[in-house]
Structure formats: structure tokens, C-alpha cells
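Asker: Sequence first, predicted model second:
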Amino acid sequence: MSKKVGFVGLGMMGNPMSKNLLKAGFDLTVWNRTESKMKEIVEQGAKAGTSPKDVAQKSQVIITMLTGSSEVEQVVLGKNGVIEGLTAGSVLIDMSTISPAMSKAVAFQVAGKGFAMLDAPVSGSVGVAAAAALTIQVGGDPKVFEAHRDVLAAMGKNIFHVGGNGMGCCVKLVGNAIMGANMAVLAEALCLGAKAGIATDVMIEVLKNTGGASTVMERRSPNILKGDYKAQFMLKLLFKDLGIALESAGADAIPMPIVGLIRQIYAQAMVDGKGEQDFSAVAALAEKLSGVSLKK
């Protein structure tokens, strides 16, 4: 008999992730604050929940995939929240990217009621989520992790247990800080070459064979060449994550001056109206400031 899984949060990432749980044969109940976003997945075989509490009451494993720390706190701990519906043996897996401190605080509240929680934020774009090929970094009890690896494996390809509660969120912030810096400096450097008259596609082909090569360049250079920044990972969400990284660094007295500067660049991109676009749209800002075009 398949596990009963609940999924709360059917946004850009939650939608394909929940579909993959259905494809894997899990008995799925879903809930989303915007009810219309539930229609497609329900038509494909999921059950519709009436609240996070209701989803929890009907599920053995409850997954939350939400925008930020305050949303997770409200959906899990608030009125009609997940915590009110947990039943014997239930496990909460929060796959949102939130503050490690908040993740630990929510896990503490959940543990106080006698239940376990894993934080399991994901790395990968919408396309990667659709292909069930996400990288998932997990914090929490290793025994709970192993017991529910099958659920995670329906959504991801590279699954790592990285430590206790909150550590999954911490590793995700480490990755996003590097990714954001990489994208911003790639954009600036390409503008340097473009100003000198070098074609962007030529620079990228050369860079692939140098120490300047990166996964960010490999995956996002088509966006730059086309000037097409349809969101796979919205710039405003990276901006949010960089802010969380800096808050966490401040709490632990870890200097992150580079990340602080990089966040200001993304802040300018936000002011420039690129928040809803893919984070690689920071290249469009670099083009504007440099007076060049990187498009092929």
C-alpha cells in the first residue's frame, strides 16, 4: 500500500514536484492558498484538501513548498495549520528555502508535539523539477530521512543528508550565494568582452574550456544569447535567499562582504523591474549599465 502524502504549496516548483509524486504512485492530497492552482493536479488524480490541517489529517508524510519563512511559520504553526492535523507517525518535510533559524524553530515546535520534521530545500529550476532530477539537501534525524527517502526520490535525483534540523536550509543558502555571485560576475565580464567587440557566443565557447567555466554559465548562457529571461528561478527569490544568507551570517559573525555587494546588484535589478524574471536577467541590467548588447 502506497504512502499517503500531502503537499502544501503548488507554485512554480510545487506543481511539477507534486505531479511526480502522483506518477510515482503515492496517494496524494494537496492544498494551495490560491484554490485554482489545485485544479490541474486534482484532475490528474490527487485529492483536494480544505486546509493545511486537513491535508495533515489525511497524510502520513506532509510536504510544504512555500515562498519564505513567514509563510512556513503560518502554514505549519498557524490556525488550521499542519501541526494541528498531524497524527501518530506523521512526518513533516519542509522543502521551502527559509532561514535555518526559522526551520529549527518550527522543527522544535513540531517535536514538542511528538512529531518529526525534515528540512529538505531543493536546488534546480522548474525544468529540473519536472524531470524529477532535483538536488535535495536534507537536515534532520537520519533515521527519519532514510524512512522517507522513497518520497524524496520521486522528486529528486541527487539526495543528501547533511546534518541536523536547519542544516538542509543552510547548505541551500551556501549554494545560492555562490550561484548568485557567479551569475552576476559572468554578466559583468561578458559585457567587458562585448564592449571590446567580441561576440558573446564566442566568449562562452572559450570560457567552457577555461577556469571560468561553470554550471551557471552552461545553463543560463542561452538566456543571455536570446535575451529571454522567462523565469525558471525568479530573481526576487534569489534576492530573498541572499538576504537570508546575510542574516544567518550576521547571527554567526561570519563576514560575507562579497554576498552583501552582490545582493545590492540584484536589488538594482529588482528596481529595474526584473524581479519576476529569471535571476539571469541580472545580465540585462549589466547590458544597460555598460551600454552593450550580449544577444546573438
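Answerer: Arrived safely, thanks for sending.
Asker: shouldn't M65 be in contact with V8?
Answerer: Yes. Judged on C-beta atoms under 8 Å, M65 makes contact with V8 at a distance of 7.2 Å. Just so you know, the C-beta spots here come from the backbone N, C-alpha and C atoms, and that holds for glycine as well.
Asker: Compare neighbour counts for these two and give me the winner.
Answerer: Taking neighbours as other C-beta atoms under 10 Å, M65 and V8 compare with V8 leading, 31 against 27.
Asker: Could you check how far that one is from V106?
Answerer: 13 Å (C-beta to C-beta, to the nearest Å).
Asker: I136 now?
Answerer: 18 Å.
Asker: same thing with R33?
Answerer: For R33 relative to V106 (C-beta to C-beta), the value is 18 Å.
Asker: Tell me which of these two has more neighbours.
Answerer: Using other C-beta under 10 Å as the criterion, R33 and V106 rank with V106 on top: 26 against 16.
Asker: can I assume that one is in contact with V75?
Answerer: No. Using C-beta under 8 Å, V106 is not in contact with V75, being 9.8 Å away.
Asker: tell me the contacts of the residue lying closest to S90 once chain neighbours are set aside?
Answerer: Closest residue to S90 apart from its sequence neighbours, by C-beta to C-beta, 6 or more residues apart in numbering: F115 at 5.5 Å. Shown in contact with F115 (C-beta atoms under 8 Å, 6 or more residues apart in numbering): 83, 86, 90-92.
Asker: Ramachandran coordinates for F115?
Answerer: phi -120, psi 160 (degrees, to the nearest 10).
Asker: Counting residues, which strand of this protein comes out longest?
Answerer: The residue-count maximum for a strand in the chain (DSSP state E) belongs to strand 156-163.
Asker: May I ask you to name the longest helix in the protein?
Answerer: helix 167-195 (DSSP state H).
Asker: gap between whichever helix or strand comes after that one and the chain center?
Answerer: Once helix 167-195 ends, the next helix or strand along the chain (criterion: DSSP states H and E) is helix 200-207. With C-alpha atoms, centre = their mean, to the nearest Å as the basis, helix 200-207 stands 29 Å off its chain's centre.
Asker: Helix 167-195 and helix 200-207, what's the angle between them?
Answerer: For helix 200-207 against helix 167-195, the angle by axes from the mean of the first three to the mean of the last three C-alpha atoms, to 10 degrees is 120 degrees.
Asker: Tell me which residues are up against helix 200-207.
Answerer: So helix 200-207 is contacted by 190, 193-194, 213, 217, 221, 224-225, 294-296 (C-beta under 8 Å, 6+ apart).
Asker: mind redoing it with 6 Å?
Answerer: Outside helix 200-207, the residues within contact range by C-beta atoms under 6 Å, 6 or more residues apart in numbering are 190, 193, 213, 221, 225, 294, 296.
Asker: I appreciate the help and will end here.
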